[in-house]
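Undergrad: Predicted structure and sequence below. I'll ask about it afterward.
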Amino acid sequence: MREAINGSSGGAPFSGAIVAEGRFVFVAGQGPLRDGQYVEGSIEEETRLTLENLGALLEQAGSGFERVVRCGVWLADLGDLPGMNRVYVATFPDPKPARATVRADLIVGKVEIDCIALVP
């Protein structure tokens, strides 16, 4: 069983998140978008907005940052890692989720983050 949850993807051909078997939520890569529009800012500002979008989808799924078990982080510039980490570590409680961080040519913005979380 799968249930789709829509986010700020602006009509993209994918779901913002999928709740699978009522136990896991798979959140698609989120970026610094508001109402489908890119909001340019510092890496800290873009990370904060990206995580707000991720958090909104987690909340809609009945989960939250404390239930995230894995994240993927894509950065346009790995030099932005320290700034992204400052916001990231303030958002996720301990123990932090498992994570992969890579440099990528992003469609929009400086950062994109996806996650997998438990649904209680």
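TA: Great, that's in hand.
Undergrad: Could you give the number of residues near the residue nearest to Asp105 when sequence neighbours are not counted?
TA: Nearest in space to Asp105, with sequence neighbours left out and distances taken as Cβ to Cβ, 6 or more residues apart in numbering, is Ala76 at 7.2 Å. C-beta here means a position set from N, CA and C on the backbone, and glycine is covered the same way. Counted with other Cβ atoms under 10 Å, residues neighbouring Ala76 total 17.
Undergrad: Ala76 touches Val108, doesn't it?
TA: No. Under the criterion of Cβ atoms under 8 Å, Ala76 is not in contact with Val108, lying 9.6 Å apart.
Undergrad: Render the CA-only coordinates of the longest helix belonging to the chain in CSV, please.
TA: Longest helix of the chain, by residue count under DSSP state H: helix 43-60. Output of helix 43-60 as CSV, limited to C-alpha atoms (Å, rounded to 0.1, in the frame of the first residue of the first chain):
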residue,chain,number,x,y,z
ILE,A,43,23.6,28.3,2.0
GLU,A,44,22.2,28.6,5.5
GLU,A,45,19.0,30.3,4.2
GLU,A,46,18.6,27.8,1.4
THR,A,47,19.2,24.8,3.7
ARG,A,48,16.7,26.2,6.3
LEU,A,49,14.0,26.5,3.6
THR,A,50,14.9,23.1,2.2
LEU,A,51,14.5,21.5,5.6
GLU,A,52,11.3,23.4,6.2
ASN,A,53,9.9,21.8,3.0
LEU,A,54,11.2,18.4,4.1
GLY,A,55,9.6,18.9,7.6
ALA,A,56,6.2,19.9,6.1
LEU,A,57,6.1,16.6,4.2
LEU,A,58,7.2,14.6,7.2
GLU,A,59,4.5,16.2,9.3
GLN,A,60,1.8,15.5,6.6
